[in-house]
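Colleague: Any chance you can model this:
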Amino acid sequence: MEKLTHQEEEAMLAIWRIGEGNVKSFMENMAEPAPYTTLASTVKNLEKKGYLSSRLIGNAYIYKAVVSEEAYKKKFMGNVVKDYFDNSYKELVNFFVEQKKLSAKELKEIITMIEKGNR
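Modeller: Numbering: from 1, shown residues only. Below you'll find the predicted structure:
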């Protein structure tokens, strides 16, 4: 599985959100959509990379994700932890605490989630 560019990730987020559709429907589900032709090229590249499949209905292509959002996150979040945090999730959490992106309350919620998962 190849790492996606920022533009490709934005397109995939829209595709994962709606499940299946054409380029126009993906544009409508993007916060800041690229121009139609740019998005159409991005979608074709995603298909070439194996992230999407397509089928022709009339004169329009309908696309759907072949790679799930969960599978993508699992693969590349693991790489982020490995590459930037010395393979330590503790260091990842510490980074967000130091950046004031994670509060004490949220940390307690995470601890509760971990404890419930260990039962």
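Colleague: what are the ranges of the strands in the chain?
Modeller: 20-21, 52-57, 60-65 (DSSP state E).
Colleague: OK, contacts around Leu92?
Modeller: Leu92 makes contact with Val80, Val81, Tyr84, Phe85, according to Cβ atoms under 8 Å, 6 or more residues apart in numbering. C-beta: built from backbone N, CA, C; applies to glycine.
Colleague: would a markdown table of the strands of the chain with mean neighbour count, distance to Met27 and mean pLDDT be doable?
Modeller: Shown next, in a markdown table, are the strands of the chain (neighbours: other Cβ atoms under 10 Å; distance: least, Cβ to Cβ, whole Å; pLDDT from 0 to 100):
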| stretch | mean neighbour count | distance to Met27 | mean pLDDT |
| --- | --- | --- | --- |
| strand 20-21 | 16 | 10 | 96 |
| strand 52-57 | 13 | 15 | 97 |
| strand 60-65 | 16 | 12 | 97 |
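Colleague: Distance to Glu115 added to the ones you listed, as TSV?
Modeller: Shown next, in TSV, are the strands of the chain (distance: least, Cβ to Cβ, whole Å):
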stretch	distance to Glu115
strand 20-21	39
strand 52-57	39
strand 60-65	34
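Colleague: closest one to Lys108 among those?
Modeller: Smallest distance to Lys108 across the strands of the chain (Cβ to Cβ): 34.8 Å, for strand 60-65.
Colleague: what angle do the longest helix anywhere in the chain and strand 60-65 make?
Modeller: In the chain, taking DSSP state H as the definition, the longest helix is helix 69-84. Interaxial angle of helix 69-84 relative to strand 60-65 (axes from the mean of the first three to the mean of the last three Cα atoms, to 10 degrees): 60 degrees.
Colleague: List the buried residues in helix 69-84.
Modeller: Within helix 69-84, the residues scored as buried using 16 or more other Cβ atoms under 10 Å are Tyr72, Val81.
Colleague: I'd like the average pLDDT over that helix.
Modeller: Mean per-residue pLDDT for helix 69-84: 88.
Colleague: picking that back up, just give me the closest of the contacts of Leu92 to Lys116.
Modeller: For those, the nearest to Lys116 is Val81 (22.0 Å; Cβ to Cβ).
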